[in-house]
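Chemist: Below is the structure, and that's it, no one-letter string:
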């Protein structure tokens, strides 16, 4: 009877963990989206194009740094590594476009608000395609908080 109870408890714990993992995963990705959304709001509230560009560059650099640190973790799964690499590539493309490097035209000063919105939308779409574990998302969020 004890083995049966233990087995039942393990099954229940497994079911609870799978149920709880879904909201945690959505919240983690939501936190990353909020980070870029907050940066976009700061860009729109700023008048100076150079300050707008600095806000965008700093937010992209902070996320890139957080992804680099998490990407070096030895405990990361291969699936997480692929997701991190994809997000890192997307962010690097945005940084290149903002600065006009690697074949991109520099974002004109008058379009920085639209570019900020584009970054937010692109990260939202990337969330639908990329799967990163809850633990990895939490590490990214913690690093962002520490870096900001």
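Modeler: Noted; the coordinates are in hand. Here the structure is a predicted model, which is why all the values come from computation and not from measurement. Numbering: from 1, shown residues only.

Chemist: Only C-alpha atoms from now on, for both contacts and neighbour counts.
Modeler: OK.

Chemist: pLDDT weak spots in this protein?
Modeler: Where the chain drops to pLDDT under 70, the residues are 1-30, 126-139, 141, 143-144, 147-148.

Chemist: Now do the helices in it.
Modeler: With DSSP state H as the criterion, the chain has helices at 2-45, 49-71, 78-99, 112-129, 134-147.

Chemist: Contacts made by the fourth one with the rest, please.
Modeler: The one in question is helix 112-129. By Cα atoms under 8 Å, 6 or more residues apart in numbering, the list of residues contacting helix 112-129 from outside reads 29, 33, 36-37, 39-40, 43-44, 49, 52-53, 56, 87, 94, 107.

Chemist: Let me see the contact set for the nearest residue to residue 68 once chain neighbours are set aside.
Modeler: Once flanking residues are discounted, residue 68 sits nearest to residue 88: 8.0 Å by Cα to Cα, 6 or more residues apart in numbering. When contacts are counted by Cα under 8 Å, 6+ apart, residue 88 touches 64, 67-68.

Chemist: and if you look at residue 37?
Modeler: Applying Cα under 8 Å, 6+ apart, one finds that residue 37 lies in contact with 117, 120.

Chemist: ok, now which ones touch residue 33?
Modeler: 120, 123-124.

Chemist: which of the residues you listed count as buried?
Modeler: A residue is treated as buried here by neighbour count (16 or more other Cα atoms under 10 Å); on that basis the buried members of the contacts of residue 33 are 120, 123-124.

Chemist: I'm done for today, thanks for sticking with me.
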